[in-house]
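Enquirer: Provided below are the primary sequence and the corresponding predicted coordinates.
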Amino acid sequence: MLARVAGLVTRASGAVVAPSRIASAITNSAVTRIRFFATNSTDVFNVHHDTPENNKDTQFDFTEANYKKAEAIMSNYPANYKTSAMIPLLDLAQQQNGGFVSLAVMNRIATILEVPPIKVYEVATFFTMFNRTKMGKYHVCICGTTPCRLQGAQKIEEAITKHLGVGIGQTTADGTFTLGEMECMGACVNAPMIAVADYRNGVEGFSYNYYEDLTPQDAVSILEKLKKGEKPKLG
């Protein structure tokens, strides 16, 4: 299909350019736009790319305290259905691992649940609640569903991106904030809103809070308070 489009572009323009080069440019442009709007990953197609903190040689294991939590989670399911614990175990691991599910995390959970690693990869790459790349200390998600958009979410996004100097799917240079976009947080009556996941202090210190009925000034104020280690008013 891309080759046919590229051929039409070449003939229409009269330019002497190889269709394969045009097709490549079209593909790269489309992927760049998609990646910019990816909520949880630098690669919306969930293709693994080695990074210093996420490669085949990095290690992960639950702490002793979190193994007890993992065992408590698995005890909720019959022994022959323990794979049902996969999603809550991934969530637990993500909280311990600074907000993202690395290759080592998925492999460890596969070992615990006695399943092929691909079974865990399939789940972790399907649900957008699991982040596949390193995150900032705070994951700030802007609701982008219709009610929030109608109530001013676009201006919230503009204020936050300008204040942080990053776009959707990007992390600030100091590693404090990762900015994301989320579909429907279920509090439409109080639109527009953001949700903030706090990954600074592992499982015990993890929080996931809503901030609603926002103005652009409110949103920036919340970020400033979070950066100072303060606790903005919820709701």
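Expert: Yep, it's here.

Enquirer: and residue 52, how far is that from residue 58?
Expert: 8 Å (C-beta to C-beta, to the nearest Å). Bear in mind the C-beta positions are built from the backbone N, C-alpha and C, glycine included.

Enquirer: My error: substitute residue 89 in the last question.
Expert: Taking C-beta to C-beta, one finds residue 89 at 18 Å from residue 58.

Enquirer: go on, residue 212?
Expert: With C-beta to C-beta as the criterion, residue 212 and residue 58 are 38 Å apart.

Enquirer: When these two are compared, which one has more neighbours?
Expert: residue 212 (19 against 15; other C-beta atoms under 10 Å).

Enquirer: quick one, what contacts the nearest residue to that one once chain neighbours are set aside?
Expert: With C-beta to C-beta, 6 or more residues apart in numbering as the criterion, residue 212 has its nearest non-adjacent residue at 3.6 Å, and that residue is residue 190. Residue 190 makes contact with 212-213, 235 under the criterion C-beta atoms under 8 Å, 6 or more residues apart in numbering.

Enquirer: What is the burial count for the closest residue to residue 83 other than its chain neighbours?
Expert: Nearest residue to residue 83 in three dimensions, chain neighbours excluded: residue 113, at 5.4 Å (C-beta to C-beta, 6+ apart). Neighbourhood size, residue 113 [other C-beta under 10 Å]: 18.

Enquirer: so what's residue 113 up against?
Expert: 82-83, 85-86, 89, 119-120 are the contacts of residue 113 under C-beta under 8 Å, 6+ apart.

Enquirer: Could you check how far it is from residue 50?
Expert: Counting by C-beta to C-beta, the gap from residue 113 to residue 50 is 25 Å.

Enquirer: same thing with residue 73?
Expert: If you go by C-beta to C-beta, the gap between residue 73 and residue 50 works out to 30 Å.

Enquirer: How about residue 186?
Expert: Applying C-beta to C-beta to residue 186 and residue 50 gives a distance of 36 Å.

Enquirer: That'll do, ta.
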